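Chemist: Model the following, please.
(chains A and B)
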Amino acid sequence: MNAAAESPERSALIQRLHDALDALERGDESALRAEIDALAAARTRPLVQGLGRLARELSQALGELPAAGAHAGELDDACARLDHVVAMTEQASHRTLDLTESCRGLVEQLQRTGLDDSQQALLGQIRGQLSEMALAQSYQDLTGQIIRRVAGIVRRVHEGFGALGLPPREDARDPALSGPAVAGLDRHAVSQDDADALLSGLGL
Amino acid sequence: MRILIVDDFSTMRRIVKNLLNDLGYSNTAEADDGHSALAALRSAPFDFVVTDWNMPGMTGIELLRAIRADEKLKTLPVLMVTAEAKREQIIEAAQNGVNGYIIKPFTAQTLEEKLGKIFERLAATA
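Modeler: Residues are numbered from 1 along each chain as shown, chains lettered A, B, ... in the order given. Down below sits the predicted model:
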């Protein structure tokens, strides 16, 4: 007999098997079924215990989520920054288009001043390249569409956090999120004039 | 020839307008989605529509369907200029009666070619 033979689980199992065999031999149907049910319950107990452990771990993890969701507050901020990128590139594209249109006007003025053929040919090339420059600004539409799509995804994730009942932290603005200042988002943004004043105040 | 340019991005409307100008089509108007485009088409006569696909509000494909379903507008030529480049989308546009399809980014030459082709085909069927 080894040590395992003396374990309570093993003797209980042997007892149940004996009882089941007795019931079978007696023809006691209900006792037999009770013994077999008890045997089955003993077999499934580890599974039930495992599920219980998983459930505890899950609820613990859910309880910890608000901490993990600390970045949720930054998602709104990130969306606003992406929107700002779209607006900024749109502005820059319009500025470039203004200038190319103005240059084309200047080229037309030059063309009317009685230039020779080779000069006219050069102006023709400049005009053509100004058109290409204007067309290249279509990047703003294409990148803008992609940025809007990404911002949409980020907003949905943010809403997902909200649906989990995890409101974003108000103070989640991460000072490590650096880059160009965005009006209305970066409270400490300063202008060049402010910077100059600050520097001269520091003796520079 | 009066042309309506429909795109939600003002830069793209301006680029298309400039290109059309270069090609000699200087009578243009702009709309920023399908709804405002339909309103414009119903309030003044137009001969041609250049539209984007992906727009908030009413999309370009919805605009195309609305034009084809409108007794007064249904023969209006529509050129789609869009970043949507999936096969199924091009097929969908064709099935809904689009006259031409240009994928962004595009060149001035592509626009000229497609416009020429559309007018050629319209002249042949007229």
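
Chemist: Please make it C-alpha for all contacts and neighbour counts, starting now.
Modeler: Will do.

Chemist: list the helices and strands the strand or helix carrying B:Met80 packs on?
Modeler: Here B:Met80, judged by DSSP states H and E, is contained in strand B:78-82. Judged by 3 or more CA pairs under 8 Å, 6 or more residues apart in numbering or on different chains; DSSP states H and E, strand B:78-82 is in contact with strand B:48-51, strand B:100-103.

Chemist: how many other residues sit next to B:Glu112?
Modeler: Per other CA atoms under 10 Å in any protein chain shown, the neighbour tally for B:Glu112 reads 14.

Chemist: So it belongs to a helix, correct?
Modeler: Yes. Judged by DSSP: H, G, I helix; E, B strand; the rest coil, B:Glu112 forms part of a helix.

Chemist: Now it. Nearest residue, chain neighbours left out?
Modeler: Among residues not flanking B:Glu112 along the chain, B:Leu23 sits closest, at 7.2 Å (CA to CA, 6 or more residues apart in numbering or on different chains).

Chemist: One more: B:Asp47?
Modeler: Per CA to CA, 6+ apart, closest to B:Asp47 is B:Arg2, 5.3 Å.

Chemist: What pLDDT does the model give that neighbour?
Modeler: Model confidence at B:Arg2, given as pLDDT, is 97.

Chemist: That one against B:Glu30, yeah?
Modeler: No. Using CA atoms under 8 Å, B:Arg2 is not in contact with B:Glu30; the gap is 11.0 Å.

Chemist: quick one, which of those two is more surrounded?
Modeler: Between B:Arg2 and B:Glu30, B:Glu30 has the larger neighbour count (other CA under 10 Å), namely 21 against 14.

Chemist: From chain A, how far out is B:Gln89?
Modeler: 17 Å (CA to the nearest CA, to the nearest Å).

Chemist: gap between that residue and B:Ala83?
Modeler: 11 Å (CA to CA, to the nearest Å).

Chemist: Name the residue in these two with the higher neighbour count.
Modeler: B:Ala83 (17 against 13).

Chemist: Find the residue at the geometric middle of the chain.
Modeler: Because you didn't say which chain, this covers chain A. A:Val154 (5.4 Å; CA atoms, centre = their mean).

Chemist: To clarify, I was referring to chain B.
Modeler: Note: chain B centre (CA atoms, centre = their mean) maps to B:Val50, 2.0 Å.

Chemist: Which residues does it form beta bridges with?
Modeler: With DSSP bridges as the criterion, B:Val50 is bridged to B:Ile5, B:Leu79.

Chemist: Now do the buried residues in the strand or helix carrying A:Ile153.
Modeler: For A:Ile153, the element it lies in under DSSP H and E is helix A:139-163. Neighbour-count burial for helix A:139-163 flags A:139-142, A:144-145, A:147-148, A:151, A:154-155, A:158-159, A:161 (criterion: 16 or more other CA atoms under 10 Å in any protein chain shown).

Chemist: model confidence over the strand holding B:Met80, on average?
Modeler: 95.

Chemist: ok, now stretch A:155-175?
Modeler: The model assigns stretch A:155-175 a mean pLDDT of 65.
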